[in-house]
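Undergrad: Mind folding the following:
(2 chains)
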Amino acid sequence: EPEVTQTPSHQVTQMGQEVILRCVPISNHLYFYWYRQILGQKVEFLVSFYNNEISEKSEIFDDQFSVERPDGSNFTLKIRSTKLEDSAMYFCASKPGRGKPDTQYFGPGTRLTVL
Amino acid sequence: GENVEQHPSTLSVQEGDSAVIKCTYSDSASNYFPWYKQELGKRPQLIIDIRSNVGEKKDQRIAVTLNKTAKHFSLHITETQPEDSAVYFCAASILWGANNLFFGTGTRLTVIP
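TA: Numbers count the residues shown, from 1 in each chain, chains lettered A, B, ... in the order given. Modelled structure (predicted):
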């Protein structure tokens, strides 16, 4: 069964550095998402992406964040100047297009640690 | 925006007993309610979902009920097994476009053998 994949599994960075988290959604899916989960807390929506543009974004998704689909397979989340509070598990998810099952399939996550 | 509350935060049951987890939501426009199971260090995985046009859905030992009027929905696991031990998250969204998920705070279920 196809799965969403994410790299790296763990990223350690210094505060103020830029990081790029990578995701490969399931190949025929059209909607892509980033969520984050601070340790011990709930999963929080960051941004959704459809038709090569941001569909919705949360209050968390401020100017330090950006997303991109640089080619037909990758979907990236860039954090420009990391802060300590960005430390979290970041999940990518994807979903088929409209008229198909609504299930969002999650990747295994990237644990980001900001020192 | 949508706010999802989930109770209890932890739940311990004896193997074979039933477990019930409850969620409430705030946005009456929400019409899709999935439940995810997350084992330690793993990705959230969908176990069951329900749309607002039905009141109950069952899949083997798992069932979900929805009360639209009261804006609450529940997960029922019967005949619990040790492998059911995990964190369970409820979520709510609107089936329109991207339907971003708004998650509850999670319930850590422990099934005692």
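
Undergrad: what about the helix or strand containing residue B:66, near chain A?
TA: Using DSSP states H and E, residue B:66 falls within strand B:62-67. No: against chain A, strand B:62-67 shows no contacts by C-beta under 8 Å from any C-beta of the partner chain, the least distance being 14.1 Å. For every residue, glycine as well, the C-beta is placed using N, CA and C.

Undergrad: Which residues of chain B lie near chain A?
TA: Of all the residues in chain B, those lying near chain A are B:1, B:32, B:34, B:36, B:42-46, B:49, B:89, B:91, B:95, B:97-106, going by C-beta under 8 Å from any C-beta.

Undergrad: how about a cut-off of 7 Å?
TA: B:32, B:43-44, B:46, B:49, B:89, B:95, B:97-106 (C-beta under 7 Å from any C-beta of the partner chain).

Undergrad: Which among the residues you listed count as buried?
TA: B:32, B:43-44, B:46, B:49, B:89, B:98-106 (16 or more other C-beta atoms under 10 Å in any protein chain shown).

Undergrad: Whichever residue of chain A sits closest to chain B: what secondary structure?
TA: Of all residues in chain A, residue A:48 sits closest to chain B, at 3.7 Å by C-beta to the nearest C-beta. Under DSSP: H, G, I helix; E, B strand; the rest coil, the three-state class of residue A:48 is strand.

Undergrad: isn't it right up against residue A:31?
TA: Yes: if you go by C-beta atoms under 7 Å, residue A:48 and residue A:31 touch, sitting 6.4 Å apart.
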